[in-house]
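In: Build me a model from this:
(2 chains)
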Amino acid sequence: MYSLEELEQRARQAVGKKAAFGDDVDLDSFDKSFVPHKYLAEEEICAIPEEEQQRLIMSGLDVTDTGRGGTYFQKDTTVVHCHSDEEGIEVMPVTEALKKHDWVKEYFWKLVSVDQDKYTASAFLDLHDGYVIRALPGSKSIYPIQACLYLDKENLQQNVHNLIIAEEGSELHIITGCATSPHMKRGVHVGISEFFVKKGAKLSFTMIHNWAEEMSVRPRSVARVEEGGVFINNYICMKPVKSIQMYPTTHLVGDNATAMFYSVIVGTSGSYLDIGGRIYLKNRGCRAEIVQRSISNGAHIINRGHLIGEAPDIKAHLECKGLLLSGGIIDSIPQLEGHVEGVDMSHEAAVGKVAQEEINYLMSRGITEEEATSTIVRGFLSVDIKGLPTPLKQEIDRAIDRSNKDAM
Amino acid sequence: MLIIEDLQVELAGKMLLKDIDLEIKPGETHVLFGPNGSGKTSLLMTIMGYPQYVVKKGKITFKGRDITHAPLNERAALGIGMSYQRPPTINGLKTRQMIDICARRKVDAEEMARSLNFEEFLDRDVNAGFSGGEIKRSELLQLKAQDPDLMLFDEPESGVDIENMALIGTTIAQILEKDTPRAGTNVKPFVQQRSERTKMGFIITHTGYILDYVPADKGQVLYNGILACAGNPREIFQCIGRLGYEECVKCTV
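Out: Prediction:
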């Protein structure tokens, strides 16, 4: 069991602690006070203004709920909708769940350290809400659960804490979008996410970010995967943002556990994106793969990848590719750490431009230089993500297509 | 019709082709011989319009239009297409999508791939990890979809095993309208079928195997950047085999 007092004490001590990476955000210059919003019934969600709906759709939230197993929708600090249609899958606001269910406390702040930095401390001390999504043992969902964290109030610091639990033998897919309303410019989003993938369970988590130009974003997420479990973590961010710094970490603790990270990032001028991925392979037969694709249109992008092999007979691969389309910096930092004999770890990293040879080849098939370039860029971004249900795969492709149109 | 007059071409400041004169009439297929480094690929790339091959002198005319300085995609739109020896890989672009690009419309890729036995590659990235023979079949499939009037083939036999050679040879003959004329009561007489052919071909070959499948009209030898002789392709090929390129060029010039 956890002790609230102890957590609070540690959090208070870390209030001024800067993060290891990324630019420092002055949290005192943002408003953390609660913003009340009316709870929306299902039919009311469909009635929200078209412009906002579009922002939500871009982040994977389908207001009509078609092809979704459930919805969690938080606006600023307040839950405006929460329900599950799938048998065996629970979706609850975290503040309510902590009050109602003792078991929730078993997962709260168990993987992310409350005193990691000022952002984790702030998320504890001024928690707004967040979701608990839990798949009961053996339950299988094909349709993803959608979760949306939406910012509407100018200059808000949104603090969110999410717990995602895939019980033994379950299969759970989540598509989560973070977006700002069309008029919003400045704000901070701090999101704590703790993932528990139990024995033989499979969890896919797809996060799509659609921020505003003056937004600072500090997600903090850690996953723990037990024997034979599979964790797929997808991240898509193709819209302007001031800064994002994150370093999601996964611990593969059981035999034959698997983790796959895929990220697709398009950074525009003025954005500072420090995106990492770290996977510990702690037991025999563990598998890990990190695939990162970045395009800079003037952004400063740092791709960190870190694989740590601590047991024999593990296999891990890191692939990091960057395209500089129109200025900016792509800094690729792959790191492999083998601690015992019998690890099999590799990486490939490349930063470059669209190859003229490929453009010419496509042009000789009859398309213009612009069409050829966009075809190659589209291909570069289309990462072949394994183990996703078809509707979710199509969803990701559509999200990349939509953003790609804006990015080109 | 393709007409090349007094063509002189440089690559990175180095003269590669000199005094090239060439004429390919509708319905004709020519074969190009020549040792390694003689400029055969450069000639094809120049006709296709690769910008690094700089035309210093002379003129290329296709279907009556001066295309000497036209960009690649304009030449493709006019009806020139090429089967490459070593094309680049396009990551993330499926062969199926490439077929649509070539055809300029949505096509039944399965149907088109069937005769080349290439259906299982349609969902693979273009040329990614393809063997020599697979690249050739992929290139032919793309050309088939593009259906240009002038087709340039850069060593279509290289890296192809015996089993696939027949497939590739007959496919090239078919898309160049050089396959055996159809017979029967309801078809036009052979002479008429032949005179109605419009496709033009220009094929680089080292091994000459392609001659077993494609009845070529004319053979040429490119030696040190100069088109040295023209004549019956089989005869030239035999001459090269017996005497070598240098002697062969000497005896005919």
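In: helices and strands of the chain: which one has the lowest mean pLDDT?
Out: If you meant another chain, say so; for now it's chain A. Lowest mean confidence among the helices and strands of chain A (mean pLDDT, DSSP states H and E): helix A:390-407, at a mean of 70.
In: other chain: chain B
Out: Going by mean pLDDT, DSSP H and E, chain B bottoms out at helix B:190-195, a mean of 79.
In: For A:Y131, give me its contacts.
Out: Residues near A:Y131 by CB atoms under 8 Å, 6 or more residues apart in numbering or on different chains: A:72, A:74, A:82, A:91-94, A:147, A:162-163. C-beta: built from backbone N, CA, C; applies to glycine.
In: 6 Å - rerun?
Out: Applying CB atoms under 6 Å, 6 or more residues apart in numbering or on different chains to A:Y131 gives the contacts A:72, A:147, A:162.
In: Can you lay out those residues as JSON lines showing distance to chain B?
Out: Formatted as JSON lines, those follow (distance: CB to the nearest CB, whole Å):
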{"residue": "A:Y72", "distance to chain B": "32"}
{"residue": "A:A147", "distance to chain B": "28"}
{"residue": "A:N162", "distance to chain B": "31"}
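In: Flag every residue of chain B that's near chain A.
Out: B:48, B:72-73, B:76-77, B:82, B:87-88, B:90-93, B:101-102 (CB under 6 Å from any CB of the partner chain).
In: Can you pull the residues of chain A lying near chain B?
Out: So far as CB under 6 Å from any CB goes, chain A lies against chain B at A:357-358, A:360-361, A:363-368, A:379-380, A:382.
In: Distance of the closest residue to chain B within the stretch 251-400 of chain A relative to B:F121?
Out: Nearest to chain B in the stretch 251-400 of chain A, going by CB to the nearest CB, is A:G379, at a distance of 2.8 Å. Counting by CB to CB, to the nearest Å, the gap from A:G379 to B:F121 is 16 Å.
In: Give me the more crowded residue out of those two.
Out: B:F121 (21 against 18; other CB atoms under 10 Å in any protein chain shown).
In: ok, back up a step: so which strand or helix has the residue of the stretch 251-400 of chain A closest to chain B?
Out: Here A:G379, judged by DSSP states H and E, is contained in helix A:369-381.
In: Please apply the same query to B:A77.
Out: helix B:72-78.
In: counting contacts, what elements does the helix or strand just after that helix pack onto?
Out: Once the chain leaves helix B:72-78, the next helix or strand it forms, by DSSP H and E, is strand B:80-83. Secondary-structure packing of strand B:80-83 (3 or more CB pairs under 6 Å, 6 or more residues apart in numbering or on different chains; DSSP states H and E): helix B:132-146, strand B:150-154.
In: List the pairing partners of strand B:80-83 within its sheet, with orientation.
Out: strand B:150-154 (parallel) (DSSP bridges).
In: Please save the CA atoms from the strand it pairs with in PDB.
Out: C-alpha atoms of strand B:150-154 as PDB (Å, rounded to 0.1, in the frame of the first residue of the first chain):
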ATOM      1  CA  LEU B 150       9.300   4.000 -76.400                       C
ATOM      2  CA  MET B 151      10.700   1.500 -73.900                       C
ATOM      3  CA  LEU B 152      14.300   1.600 -72.700                       C
ATOM      4  CA  PHE B 153      15.700  -1.600 -71.200                       C
ATOM      5  CA  ASP B 154      18.900  -1.500 -69.300                       C
END
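In: dump the residue contacts of B:T41.
Out: So B:T41 contacts B:D154 (CB under 6 Å, 6+ apart).
In: Tell me how many other residues crowd the residue lying closest to A:S33 once chain neighbours are set aside.
Out: Once flanking residues are discounted, A:S33 sits nearest to A:T77: 7.9 Å by CB to CB, 6 or more residues apart in numbering or on different chains. For A:T77, the neighbour count with other CB under 10 Å is 22.
In: Would you confirm that A:T77 contacts A:H128?
Out: Yes. Using CB atoms under 6 Å, A:T77 makes contact with A:H128 at a distance of 3.7 Å.
In: re earlier: list just the nearest of the contacts of A:Y131 to A:K17.
Out: When the contacts of A:Y131 are ranked by distance to A:K17 (CB to CB), A:N162 comes first, at 22.0 Å.
In: Can you report phi and psi for the closest one?
Out: Taking degrees, to the nearest 10, you get phi -120, psi 140 for the backbone angles of A:N162.
In: I'd assumed A:S193 was in contact with it.
Out: Yes. A:N162 lies in contact with A:S193 (CB under 6 Å); the separation is 4.5 Å.
In: contacts for stretch A:74-93?
Out: A:34-35, A:37, A:39-40, A:45, A:69-73, A:128-129, A:132-136, A:139, A:141, A:149-150, A:152-153, A:156.
In: what's the spacing between that stretch and its chain's center?
Out: Put simply, stretch A:74-93 sits 18 Å off its chain's centre (CA atoms, centre = their mean, to the nearest Å).
In: Please apply the same query to stretch A:41-54.
Out: So, by CA atoms, centre = their mean, the centroid of stretch A:41-54 is 24 Å from its chain's centroid.
In: same question, stretch A:372-391
Out: How far stretch A:372-391 lies from its chain's middle: 18 Å, per CA atoms, centre = their mean.
In: The residue of the stretch 151-253 of chain B at minimum distance from chain A and B:I67, how far apart?
Out: For the stretch 151-253 of chain B, the residue closest to chain A is B:L152, as judged by CB to the nearest CB, at 9.6 Å. According to CB to CB, B:L152 stands 13 Å off from B:I67.
In: Mind checking which of those two has more residues around it?
Out: B:L152 (25 against 18).
In: ok, what's across the strand from that one?
Out: B:M82, B:F202.
In: could you measure it against A:R365, distance?
Out: On the measure of CB to CB, B:L152 and A:R365 end up 13 Å apart.
In: ok, which stretches of the stretch 1-150 of chain A are strands?
Out: Along the stretch 1-150 of chain A, counting by DSSP state E, counting those that start in this stretch, strands occupy A:70-75, A:78-84, A:89-93, A:131-135, A:145-151.
In: Ramachandran coordinates for the closest residue to B:F62 other than its chain neighbours?
Out: In this structure, B:F62 finds its nearest non-sequential neighbour in B:L2, 5.3 Å apart by CB to CB, 6+ apart. Dihedral pair for B:L2: phi -100, psi 130, per degrees, to the nearest 10.
In: show me what contacts B:L2?
Out: B:L2 neighbours (CB under 6 Å, 6+ apart): B:24, B:62, B:150.
In: one more time with 10 Å, if that's ok
Out: B:L2 sits next to B:22-26, B:28, B:30, B:47, B:60-63, B:67, B:80, B:149-150, B:152, B:200, B:202 when contact means CB atoms under 10 Å, 6 or more residues apart in numbering or on different chains.
In: try B:Q174
Out: B:115, B:140, B:144, B:180, B:213-214.
In: before we move on, what about B:G184?
Out: B:G184 touches nothing, counting by CB under 10 Å, 6+ apart.
In: so what's the backbone phi/psi at it?
Out: Torsion angles, degrees, to the nearest 10, at B:G184: phi 140, psi 180.
In: In three-state terms, how would the residue nearest the centre of chain A be classified?
Out: Chain A has A:M207 as the residue nearest its centroid, 4.0 Å off, counting by CA atoms, centre = their mean. On the three-state scheme (DSSP: H, G, I helix; E, B strand; the rest coil), A:M207 is labelled strand.
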